[in-house]
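J.: pasting the sequence and the predicted coordinates here, then a few questions.
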Amino acid sequence: MATHVQLLFTALSEKFNQKSAIPQKRTRKDSMEQLDVVIVLTTWPAAQDPVPMATALVEERLAACVNLLPEMASIYRWNDGVEHEQERQVLIKTTRPRVDALLARLQHLHPYEIPEMLVLPVAGGSVAYIEWIAAATRP
């Protein structure tokens, strides 16, 4: 026999799982462009200037913005050994439709044989900022 708590939990679960139970206040632009914004991560050797690479990506509209973080220590496995290098983390803001072209260009510009190129989805953010990223990366 079900208890009052079990019945209440079942009723609330059913109500929550209905589409109308979760109010949606998204505009078309909000839902489409938020899902299209991504952040690409790469690293750059500290001994080399990343500004020409960053400038090229922005000038070519492959990225809306490139952040060059301060020098940091990186420790990683490479060719069966553990390496210790000074690098800079680079954050690249772009849109999903521009990712393939951005990665190809980054591979061409990058000094590493196998550069870090990780594409991270953006779950949300300021609508105005997301619209700016979309506009800044339109070919």
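T.: Structure received.
J.: from now on I want contacts and neighbour counts done on CA atoms only, so please keep to that.
T.: Will do.
J.: next one: residue 66 from residue 91, what distance?
T.: Relative to residue 91, residue 66 is positioned 6 Å away (Cα to Cα, to the nearest Å).
J.: revised request: answer the last question for residue 116.
T.: 11 Å.
J.: please apply the same query to residue 67.
T.: Taking Cα to Cα as the measure, residue 67 falls 5 Å from residue 91.
J.: neighbour count winner among these two?
T.: The neighbour comparison of residue 67 against residue 91 (other Cα atoms under 10 Å) goes to residue 91, with 19 against 14.
J.: re the thing from before, identify the contacts common to residue 116 and residue 91.
T.: In terms of Cα atoms under 8 Å, 6 or more residues apart in numbering, residue 116 and residue 91 are both contacted by the residues 41-42.
J.: quick one, phi psi at the most centrally placed residue in the chain?
T.: Closest residue to the average C-alpha location of the chain: residue 39 at 2.1 Å, with Cα atoms, centre = their mean. Phi and psi for residue 39, reported as degrees, to the nearest 10, are phi -120, psi 130.
J.: what does the one 3 residues further on give?
T.: With angles defined as degrees, to the nearest 10, residue 42 sits at phi -150, psi 170.
J.: one step back: looks like the residue nearest to the centre of the chain contacts residue 90 (just checking).
T.: No. Residue 39 lies out of contact with residue 90 (Cα atoms under 8 Å); the separation is 9.9 Å.
J.: where's residue 134, which helix or strand?
T.: For residue 134, the host element (DSSP states H and E) is helix 127-136.
J.: quick check, distance from that helix to the centre of its chain.
T.: 14 Å (Cα atoms, centre = their mean, to the nearest Å).
J.: which of the residues in it are buried?
T.: 130, 133-134, 136 (16 or more other Cα atoms under 10 Å).
J.: and residue 44, that one's in a helix?
T.: No. Applying DSSP: H, G, I helix; E, B strand; the rest coil, one finds residue 44 to be strand, outside a helix.
J.: dump the residue contacts of residue 105.
T.: So residue 105 contacts residue 57 (Cα under 8 Å, 6+ apart).
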